[in-house]
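Q: just a sequence and a predicted model for now, questions to come.
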Amino acid sequence: DTAVSQTPKYLVTQMGNDKSIKCEQNLGHDTMYWYKQDSKKFLKIMFSYNNKELIINETVPNRFSPKSPDKAHLNLHINSLELGDSAVYFCASSPRTGNSPLHFGNGTRLTVT
Amino acid sequence: QKEVEQNSGPLSVPEGAIASLNCTYSDRGSQSFFWYRQYSGKSPELIMFIYSNGDKEDGRFTAQLNKASQYVSLLIRDSQPSDSATYLCAVKGPSLNNNDMRFGAGTRLTVKP
């Protein structure tokens, strides 16, 4: 199936831990994104990579570090997790063409206790 | 001023009625406009996109764009209970970076049988 897939689907961890979320797309898209959706359902952009190059880096704590080993993968590593990091994290991809929509993964629900 | 603004709702309409969802955006350089539907616990899915002023129809859905007023709307005709979801307005731009997609906070729609 062609899709954006992210793992894990659920992640429960304690404050202070370090965790990673992986994302892969087989759509042949050049651009990948990480969005955070909080409890109020607001979807906020965090990072965007275009062909492994960071092009959008919103005001996100340094504890969040994206890594793109190739244009089909964009992983998100989070250090020293805090309670406020609890949210659903969505990976997305789109073709390089400016007007193209985003295709979303199924999300990773992160719960920090 | 928020970049993309929507009424959070909830908006409640009876089955068979027209649901009207509105969105305004702040950046005049925005080039493309999208409506996503998000069911509870699921990822956003694209339902409509529009790039030019005027109306665009797709089945029961009509998107309307007025760039002079910086206004986008989505009409859902013959609303069905299965249309009950949160509808997210998204805008791509600003004009300097067409890879940047910003979302509104979403409008929760309930269609009552």
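A: Everything's here; your move. Residues are numbered from 1 along each chain as shown, chains lettered A, B, ... in the order given.
Q: burial count for whichever residue of chain A sits closest to chain B?
A: Residue of chain A nearest chain B, by C-beta to the nearest C-beta: A:Gly98 (2.8 Å). Bear in mind the C-beta positions are built from the backbone N, C-alpha and C, glycine included. When counting by other C-beta atoms under 10 Å in any protein chain shown, one arrives at 16 neighbours for A:Gly98.
Q: OK, contacts around it?
A: Counting by C-beta atoms under 8 Å, 6 or more residues apart in numbering or on different chains, A:Gly98 touches B:Gln31, B:Ser32, B:Lys92, B:Asn98, B:Asn99.
Q: so for these, which is the shakiest by pLDDT?
A: Ranked by pLDDT, these bottom out at B:Asn98, which has 65.
Q: residue ranges in the chain under the pLDDT threshold?
A: Defaulting to chain A. Applying pLDDT under 70 to chain A flags the ranges A:1-2, A:97.
Q: that's the wrong chain, I wanted chain B
A: In chain B, residues with pLDDT under 70: B:1-2, B:94-98.
Q: ok, of the contacts of A:Gly98, which one's closest to A:Pro66?
A: A:Pro66 has its nearest neighbour among the contacts of A:Gly98 in B:Asn99, at 14.4 Å by C-beta to C-beta.
Q: list, one by one, the residues from chain B near chain A.
A: Taking C-beta under 8 Å from any C-beta of the partner chain as the criterion, chain B approaches chain A at residues B:31-32, B:34, B:38, B:42-46, B:49, B:51, B:86, B:88, B:90, B:92, B:97-103, B:105-106.
Q: write the ChimeraX selection for whichever of these are buried.
A: Remark: buried members of the residues of chain B next to chain A, expressed as a ChimeraX selection using 16 or more other C-beta atoms under 10 Å in any protein chain shown:
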select /B:32,34,38,43,44,49,86,88,90,92,98,99,100,101,102,103,105,106
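Q: so which of the residues of chain B next to chain A belong to strands?
A: Taking DSSP state E, the ones among the residues of chain B next to chain A that sit in strands are B:32, B:34, B:38, B:45-46, B:49, B:86, B:88, B:90, B:92, B:101-103.
Q: the residue positioned nearest the centre of chain A pairs with what?
A: The residue lying closest to the centre of chain A (C-alpha atoms, centre = their mean) is A:Trp34, at 3.0 Å. Taking DSSP bridges, one obtains A:Phe47, A:Cys91 as the residues bridged to A:Trp34.
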